[in-house]
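Trainee: Task: produce atomic coordinates for the following.
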Amino acid sequence: MAPNAYFGYFQGGTLNGRHKIARINNVSPEQGGGIESVTMRLTVFSDYTLRTLLYLALRTDGLVTIDEIAKAYGISRNHLMKVVHNLSRTGIVKTVRGKGGGMTLARSPQEINIGAVVRETEKDSHVVECFDPERAGCCQIDTACSLKGALYKAREAFFGVLDDYTLDDLLGPRQRMAEMLGIGLNEPLGTPAL
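Mentor: You can find the predicted model right below:
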């Protein structure tokens with residue numbers, strides 16, 4: 001690399017609640033280069049899954065309905081139906097059908113690992129096309145490419161950080177979060193109603 005070339009990554013603050021990663025391009029500032037912003041995102045499905053889990057962890061006085069969660073966050077009921085179905089299928093949420101039905105956490109917040117949840121919801125997290133087994137050999141330089149290894153390590157580092165957190169770790173400050181979601185202040189916080 002030329003002595004005056006610029007290239008690298010650094011983590012900045014947040015942008016609309018999402019972590020910002022700035023990429024420094026390989027052109028000097030004198031040549032119009034500099035920092036461009038790249039935002040790392042989860043799918044809406046993962047976002048709604050995590051929001052649902054947070055709500056359920058805060059609201060522990062009984063069963064919660066999809067409509068309650070949709071209203072609290074101002075998000076699509078139809079999307080939440082898919083999220084809850086997946087959470088129920090994976091055993092993270094217990095659901096009760098029928099009139100008076102709803103859902104609750106099937107495990108305590110301390111037992112729900114965020115990395116495992118996001119891996120489940122981001123199964124198709126192919127950072128680049130060649131990560132997809134169905135697209136193997138799609139790139140001309142696949143067998144000689146070092147980028148694939150670097151991106152694989154970056155993806156695993158992302159999941160590795162999430163592995164360090166449980167749902168319980170994400171609940172602070174509980175009282176403030178509960179208030180923001182319209183969860184009654186007299187309801188106990190933190191233990192699931194199984």
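
Trainee: okay, CA-based contacts and neighbour counts for the rest of this
Mentor: Will do.

Trainee: pretty sure residue 183 is touching residue 57, no?
Mentor: No - Residue 183 is beyond contact range of residue 57, at 11.2 Å (criterion: CA atoms under 8 Å).

Trainee: roughly how far apart are residue 85 and residue 110?
Mentor: Distance, residue 85 to residue 110, using CA to CA, to the nearest Å: 22 Å.

Trainee: Tell me the first helix or strand C-terminal of the lengthiest helix in the chain.
Mentor: In the chain, taking DSSP state H as the definition, the longest helix is helix 147-163. Per DSSP states H and E, the first helix or strand lying C-terminal to helix 147-163 is helix 174-180.

Trainee: buried sites along that following helix?
Mentor: For helix 174-180, burial by neighbour count (16 or more other CA atoms under 10 Å) applies to 174, 178.

Trainee: And stretch 55-63, by the same measure?
Mentor: Under the neighbour-count criterion of 16+ other CA under 10 Å, stretch 55-63 has 55-61, 63 buried.

Trainee: Quick one: end-to-end distance for that stretch.
Mentor: Using CA to CA, the end-to-end distance of stretch 55-63 comes to 11 Å.

Trainee: Show the average pLDDT along it.
Mentor: The average pLDDT within stretch 55-63 is 93.

Trainee: Distance from the chain centre to that stretch, please.
Mentor: Chain-centre distance of stretch 55-63: 20 Å, with CA atoms, centre = their mean, to the nearest Å.

Trainee: got it, and stretch 89-108?
Mentor: So, by CA atoms, centre = their mean, the centroid of stretch 89-108 is 21 Å from its chain's centroid.

Trainee: Using PDB, list the CA coordinates for it.
Mentor: The C-alpha trace of stretch 89-108 is given here as PDB (Å, rounded to 0.1, in the frame of the first residue of the first chain):
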ATOM      1  CA  ARG A  89     -41.200 -22.900  17.800                       C
ATOM      2  CA  THR A  90     -37.700 -22.500  19.300                       C
ATOM      3  CA  GLY A  91     -39.000 -22.800  22.900                       C
ATOM      4  CA  ILE A  92     -38.100 -19.300  24.000                       C
ATOM      5  CA  VAL A  93     -41.700 -18.200  24.400                       C
ATOM      6  CA  LYS A  94     -44.700 -20.200  25.700                       C
ATOM      7  CA  THR A  95     -48.000 -19.400  24.000                       C
ATOM      8  CA  VAL A  96     -51.600 -20.000  25.100                       C
ATOM      9  CA  ARG A  97     -54.200 -20.000  22.300                       C
ATOM     10  CA  GLY A  98     -57.800 -18.900  22.500                       C
ATOM     11  CA  LYS A  99     -59.800 -16.300  24.500                       C
ATOM     12  CA  GLY A 100     -57.600 -15.000  27.300                       C
ATOM     13  CA  GLY A 101     -54.600 -16.400  25.600                       C
ATOM     14  CA  GLY A 102     -51.200 -14.800  25.000                       C
ATOM     15  CA  MET A 103     -47.600 -15.500  25.600                       C
ATOM     16  CA  THR A 104     -44.900 -15.300  28.200                       C
ATOM     17  CA  LEU A 105     -41.200 -16.200  28.400                       C
ATOM     18  CA  ALA A 106     -40.600 -19.900  28.600                       C
ATOM     19  CA  ARG A 107     -37.300 -19.400  30.400                       C
ATOM     20  CA  SER A 108     -35.900 -16.700  32.700                       C
END
